[in-house]
Structure formats: C-alpha cells, structure tokens
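Q: Make a model of this:
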Amino acid sequence: MEGNLLHDLDTIGEKVRLCLGGRGGYGNAHFASATRRSPTFAENGDVGTALEVHLELKLVADIGIIGVPSAGKSTLISCITQVRPKIADYPFTTLIPNLGVMEFKGKTMVLEDVPGLIA
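A: Here you go, the predicted structure:
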C-alpha cells in the first residue's frame, strides 16, 4: 500500500480515522471491594491496530505577517516583495490576505499579509 493516498483533508473541520484503538482494560477501581479498598493491580487492554503513514502538509504561505490594525503589515510586504496591496491611514484596510513572493539567498518564500487582529 506504499504511495497510495488514504485521504485528503480538504474541508475545514474534516476528520478521518485511520486506525481503531483496542478495548480498554479494567483499572484498579474495578477490582476494589469492601475488603480490598485500594488494589495495586489493573488489567491491560487489548492492542489496537497500527498503521505507519506519511503526512504531508500543504501551506498557503511560508511566513504570515500578523498584528493589530494599522501596524504596517501591508507596508512591510510591499517593501520586501513586488505585491502592491491597498495601503491607507485607516484601520482594516486589508480585508483579504495578500500574498507576495520574496527571494532571499537563492530561496523563494511566500509571505502573507493577514488582516488585522482584533483584541
């Protein structure tokens, strides 16, 4: 089964179960009685299934620039990349994230200007 795609998590909040856990064993509270108030033993549970998987995470950007409104995030990304976002002197100018590509020391990085955070 090497190289096969098991599942693609492409929806927000989506969950997938790859393996099932085993039945849990009885703890020491199960073995307590009137004469044995604090047993010092427990029962092991059953072994669950095991699967070795290779997970891949796809990113929108390598670096996210976040901060409060009017902190200069759009100005910074416009200075270090070729993107020209809307820049104004009022809060919440950036309504959608802006992506810019920057090359540094022979490597390219994608930067994202995230809209301002509200306290």
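Q: Only C-alpha atoms from now on, for both contacts and neighbour counts.
A: Will do.
Q: and the most centrally placed residue in the chain, helix, strand or coil?
A: Most central in the chain under Cα atoms, centre = their mean is Leu57, positioned 8.8 Å from the mean C-alpha point. Following DSSP: H, G, I helix; E, B strand; the rest coil, Leu57 is assigned to coil.
Q: which one in this protein is furthest away from the centre?
A: Relative to the chain centroid, the chain (Cα atoms, centre = their mean) has Thr35 farthest, 50.0 Å.
Q: Break down this structure into its helices, ranges please.
A: Applying DSSP state H to the chain gives helices spanning 73-80.
Q: give me the low-pLDDT residue ranges for it?
A: Along the chain, segments meeting pLDDT under 70 span 1-2, 90-91, 116-119.
Q: Could you give the bridge partners of Met109?
A: With DSSP bridges applied, Met109 shows beta-bridge pairing to Met102.
Q: Would you mind confirming that it is in contact with Val60?
A: No - judged on Cα atoms under 8 Å, Met109 makes no contact with Val60 at a distance of 10.8 Å.
Q: neighbour-wise, which of those two wins?
A: When Met109 and Val60 are compared for neighbours, Met109 comes out ahead with 14 against 11, by other Cα atoms under 10 Å.
Q: residue contacts, the more buried one?
A: Neighbouring residues of Met109 by Cα atoms under 8 Å, 6 or more residues apart in numbering: Ala61, Asp62, Ile63, Val101, Met102, Glu103.
Q: and with 7 Å instead?
A: Asp62, Val101, Met102, Glu103 (Cα atoms under 7 Å, 6 or more residues apart in numbering).
Q: which of the residues you listed has the most neighbours?
A: Comparing the contacts of Met109 by number of neighbours (other Cα under 10 Å), Val101 comes first, having 17 neighbours.
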